[in-house]
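Engineer: Please find the sequence and the predicted model below.
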Amino acid sequence: MVVSASSAPKSLLERAYDDVVAEGGESANADATREKLLDAAYAQFCRFGIQRTSLEEVAKRAGTSRITIYRKFTNKEVLVEEVMLREFRRYLVQFLADIAPARTIAERLVLAFVSSYRAVSTNPLISGLQQTEPTLLAGALGADGRLLATVAQFIAQQLRQEQRAGTLRADLDTDLTAEMMARISASFLTTPSALVDTDDDDQLADIARRYLVPMLDAPS
């Protein structure tokens, strides 16, 4: 079955990606009160989880009134989405910064793999929700394979940029290669490995060099 991302509303990761591409980086929020509430919500969610947190508790942690938080966020669902959207925007901005020092496409791929794994696995909010509220997290990100499709689309776009720059063979199937890379990367996040110490960046980099980099030379 082929999953069509256009047939459903965009996931939060898709929206974050669109924001980063359009703005060239993390957007600046001129609303200091709104930002303070997002910070408070993030801290509350990390400590107590999303389902156990109320808007009133977030307002109290932020030092604002109940009326203020309802003016900024009409309900808890909107607040949760905004917190998650900000986290994914930050992830994408950091990802692009991490791969910037690389001089070759192989180096960029290795750094991208390590950066992505480390960003997701060490994020207090995302890793906590994976353990305590996996269903809620899946719903926020977009079910039915759309999250994986979004990640694969992002990778494919990076590969096509390399093709345009002349650093990657022009006949490589970027969409299929990107999907395979995304699936391998996702497996390390969802399924613990008995052979690879995923806390060791050097081992993650070695995996990328041995199994992902060769995909760049795969026959079309």
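Structural biologist: All right, it came through fine. Numbers count the residues shown, from 1 in each chain.
Engineer: if I pick the nearest residue to Asp39 once chain neighbours are set aside, what's in contact with it?
Structural biologist: Leaving aside its sequence neighbours, Asp39 sits nearest to Ala62 (CB to CB, 6 or more residues apart in numbering; 7.2 Å). All C-beta atoms are positioned from the backbone trio N, CA, C, and that covers glycine. If a contact means CB atoms under 8 Å, 6 or more residues apart in numbering, then Ala62 has 36-37, 39-40, 69 as its contacts.
Engineer: Repeat the analysis, applying 6 Å as the threshold.
Structural biologist: If a contact means CB atoms under 6 Å, 6 or more residues apart in numbering, then Ala62 has 36-37, 40 as its contacts.
Engineer: So it versus Ile50, what's the distance?
Structural biologist: In this structure, Ala62 lies at 16 Å from Ile50, with CB to CB, to the nearest Å as the measure.
Engineer: Just give me the residue closest to the centre of the chain.
Structural biologist: Centroid-nearest residue in the chain: Phe88, 4.7 Å away (criterion: CA atoms, centre = their mean).
Engineer: is it true that that one touches Leu13?
Structural biologist: Yes. Taking contact to mean CB atoms under 6 Å, the distance of 5.1 Å between Phe88 and Leu13 places them in contact.
Engineer: which element is Ser116 on?
Structural biologist: Secondary structure from DSSP states H and E places Ser116 in helix 105-122.
Engineer: Could I get the buried residue list for that helix?
Structural biologist: Applying a neighbour-count criterion of 16 or more other CB atoms under 10 Å, one finds 105-120 buried in helix 105-122.
Engineer: Show me what it is packed up against.
Structural biologist: On a contact count with 3 or more CB pairs under 6 Å, 6 or more residues apart in numbering; DSSP states H and E, helix 105-122 meets helix 76-99, helix 201-207.
Engineer: Let me know which of those helices is the nearest to Phe45.
Structural biologist: The closest approach between Phe45 and any of the helices and strands packed on helix 105-122, judged by CB to CB, belongs to helix 76-99 at 6.5 Å.
Engineer: Show me what that closest one is packed against.
Structural biologist: When contacts are defined as 3+ CB pairs under 6 Å, 6+ apart, helix 76-99 sits against helix 12-23, helix 32-48, helix 105-122.
Engineer: now what about the second one, what contacts it?
Structural biologist: When contacts are defined by CB under 6 Å, 6+ apart, helix 32-48 is touched by residues 29, 53, 57-58, 61-62, 69, 72, 79, 83, 124-125, 128.
Engineer: who's in contact with Phe73?
Structural biologist: Leu79.
Engineer: ok, it to Tyr211 distance?
Structural biologist: Plainly put, Phe73 is 43 Å away from Tyr211 if you go by CB to CB.
Engineer: Counting neighbours, which bits of stretch 208-219 end up buried?
Structural biologist: Going by neighbour count (16+ other CB under 10 Å), the buried part of stretch 208-219 is 208, 212-213, 215-216.
Engineer: how about these in CSV, adding distance to Ile99, secondary structure and pLDDT?
Structural biologist: Below are the buried residues of stretch 208-219 laid out as CSV (distance: CB to CB, whole Å; DSSP: H, G, I helix; E, B strand; the rest coil; pLDDT from 0 to 100):
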residue, distance to Ile99, secondary structure, pLDDT
Ala208, 12, helix, 97
Leu212, 13, helix, 97
Val213, 14, helix, 97
Met215, 17, helix, 96
Leu216, 15, helix, 95
